[in-house]
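Peer 1: The following block contains a protein sequence and its predicted model.
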Amino acid sequence: MKVCHGVEEIAGQGYYSVYGLNLIGINSKELLWYNNKFTYDISGEFSKCYGINKRKSRIFVTCVNLIRLFKDALKFDCFHFHFAQSLWPYNLDLWLLKKLKKRLFFEFHGSELRGVYNDVKYKYYNPVNPNKKKLMKRIDRCLKYADGVILHDNELIPHLPSYYKGKVFIVPLRIEPSRFEINTKHDNLTKPIIVHAPSKRSTKGTEEILKGLEPVKTEIELILVENRTQEEAKKIYEQADIIIDQIAIGTYGVFCIEAMALGKPVLSYISDEMRASFPIDLPIISINPDNISEKVRYLLDHPEERKRLGEKGIEYVKQNHDCKKIAEKLMAIYETQ
């Protein structure tokens, strides 16, 4: 079986999926509309970019590149699309791919699904999606042809439309642990460094995090990582003593996983419901708007606990988020009849 991922890169999930699949001997490649500074596979070994940008490219050039993309894609047997996209704009290719008996799977990552169909209540977050109507049409088109839906964990299940009765597969987020240089020293000579990377401030609860850190702000150096390339961001993460992710949605994402792979202690809000669904040894300290400074203070006063959590995080990622192991799970899904 030949497997294609595309057409937008979301936090390295397409790249790491393809990389893991190749590690287990599966011919797989990521076909991308366009490259940007957040793209993971800079070498292009496992991905190919077609320079398709509907806003910046001329119509003729876009059409030619879309035809090139579709022609190259025909050699694949199975398609794993991310972010409710497919090979052509407005998912115009899906009916033809289905007619050609291709297997079609759609992985949703969160921001394209939350606040679209259902009014799901969160304790510290109110998902409002300004692109609701546009996204609903796009997702509806995808689900019409889907052989299955892939989610990272149970958090997104309530956001799926009630009419969808197809298969839903839970597949953990994935990285390649050996790409992360482990540093568990936590011995910055001046102030301990706390890093927070708000890809979207409202979803991360950034303002509440900043407010919660007020009582300890003179004792720490706080770095906000925004609008950086993957490599630039990783260099900053490597210098951190403590990583803070989010206090909104109650689960953890790629940032937490990368931080744990680097041997960093991680703080993030994990709801009781989600905690029960994860492996029992999840080493993330759960925080909320009322206890941020207390939890940070504890780690500042106990460097040995920071080291212990960092070491636990490394093992947790190897066991639960290694892209090679996840590739085995993906293949079992692709081959499901």
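Peer 2: Yep, that arrived.
Peer 1: Go ahead and measure how far stretch 206-220 is from the middle of the chain.
Peer 2: 26 Å (C-alpha atoms, centre = their mean, to the nearest Å).
Peer 1: Now do the end-to-end distance for that stretch.
Peer 2: End-to-end distance of stretch 206-220: 17 Å, with C-alpha to C-alpha, to the nearest Å as the criterion.
Peer 1: So for it, what gets flagged as buried?
Peer 2: Neighbour-count burial for stretch 206-220, counted by 16 or more other C-beta atoms under 10 Å, picks out Thr206, Glu208, Ile209, Leu210, Gly212, Leu213, Val216, Ile220. Bear in mind the C-beta positions are built from the backbone N, C-alpha and C, glycine included.
Peer 1: OK, contacts around the fourth one?
Peer 2: Leu210 is in contact with Leu222, counting by C-beta atoms under 8 Å, 6 or more residues apart in numbering.
Peer 1: hmm, back to that, out of the buried residues of stretch 206-220, name the ones that lie in helices.
Peer 2: Counted as lying in helices by DSSP state H, out of the buried residues of stretch 206-220, are Thr206, Glu208, Ile209, Leu210, Gly212.
Peer 1: Can I get the helix or strand of the chain with the lowest mean pLDDT in PDB, CA atoms only?
Peer 2: The weakest-scoring helix or strand in the chain, judged by mean pLDDT, DSSP states H and E, is helix 201-204 (a mean of 87). Included here for helix 201-204 are C-alpha records, laid out as PDB according to Å, rounded to 0.1, in the frame of the first residue of the first chain:
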ATOM      1  CA  ARG A 201      -3.500  33.000  22.700                       C
ATOM      2  CA  SER A 202      -7.200  32.500  23.300                       C
ATOM      3  CA  THR A 203      -6.900  28.700  23.000                       C
ATOM      4  CA  LYS A 204      -3.900  28.600  25.200                       C
END
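Peer 1: Need the residues that contact that helix.
Peer 2: So helix 201-204 is contacted by Gly110, Ser111, Tyr125, His196, Pro198, Glu207, Asp245, Gln246, Ile247, Ala248, Ile249 (C-beta under 8 Å, 6+ apart).
Peer 1: Drop anything exposed from those.
Peer 2: Among the contacts of helix 201-204, the ones that count as buried (16+ other C-beta under 10 Å) are Gly110, Ser111, Tyr125, His196, Pro198, Asp245, Gln246, Ile247, Ala248, Ile249.
Peer 1: Just name the closest of these to Pro279, please.
Peer 2: Nearest to Pro279 among the buried ones among the contacts of helix 201-204, counting by C-beta to C-beta, is Asp245 at 17.6 Å.
Peer 1: check contacts around the closest one.
Peer 2: So Asp245 contacts His196, Ala197, Lys204, Tyr252, Gly253, Phe255, Cys256, Ala259, Val266, Leu267, Ser268 (C-beta under 8 Å, 6+ apart).
Peer 1: Of the residues you listed, just say which sits nearest to Thr62.
Peer 2: Gly253 (31.6 Å).
Peer 1: Count the neighbours of the closest one for me.
Peer 2: 20 (other C-beta atoms under 10 Å).
Peer 1: ok, back up a step: export the contacts of helix 201-204 as a markdown table, with columns for secondary structure.
Peer 2: Shown next, in a markdown table, are the contacts of helix 201-204 (DSSP: H, G, I helix; E, B strand; the rest coil):
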| residue | secondary structure |
| --- | --- |
| Gly110 | coil |
| Ser111 | coil |
| Tyr125 | coil |
| His196 | strand |
| Pro198 | coil |
| Glu207 | helix |
| Asp245 | coil |
| Gln246 | coil |
| Ile247 | coil |
| Ala248 | coil |
| Ile249 | coil |
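Peer 1: can you name the two of these that are farthest apart?
Peer 2: Gly110 and Glu207, at 19.5 Å, using C-beta to C-beta across those.
Peer 1: hang on, Ser293 packs against Glu214?
Peer 2: Yes. Applying C-beta atoms under 8 Å as the test, Ser293 and Glu214 come out as touching, 7.3 Å apart.
Peer 1: remind me which residues of the stretch 1-150 of the chain are low pLDDT?
Peer 2: For the stretch 1-150 of the chain, residues meeting the criterion pLDDT under 70 lie at 37-43, 54-57.
Peer 1: so where do the strands sit in it?
Peer 2: Remark: strands assigned in the stretch 1-150 of the chain by DSSP state E, counting those that start in this stretch are 2-7, 27-32, 47-49, 78-82, 103-107, 148-151.
Peer 1: cool, and the stretch 201-337 of the chain?
Peer 2: So, for the stretch 201-337 of the chain - with DSSP E, counting those that start in this stretch - the strands run 221-224, 242-244, 266-267.
Peer 1: between the ones you listed, which one is nearest to Thr190?
Peer 2: So among these, strand 221-224 is nearest, using C-beta to C-beta, at 7.1 Å.
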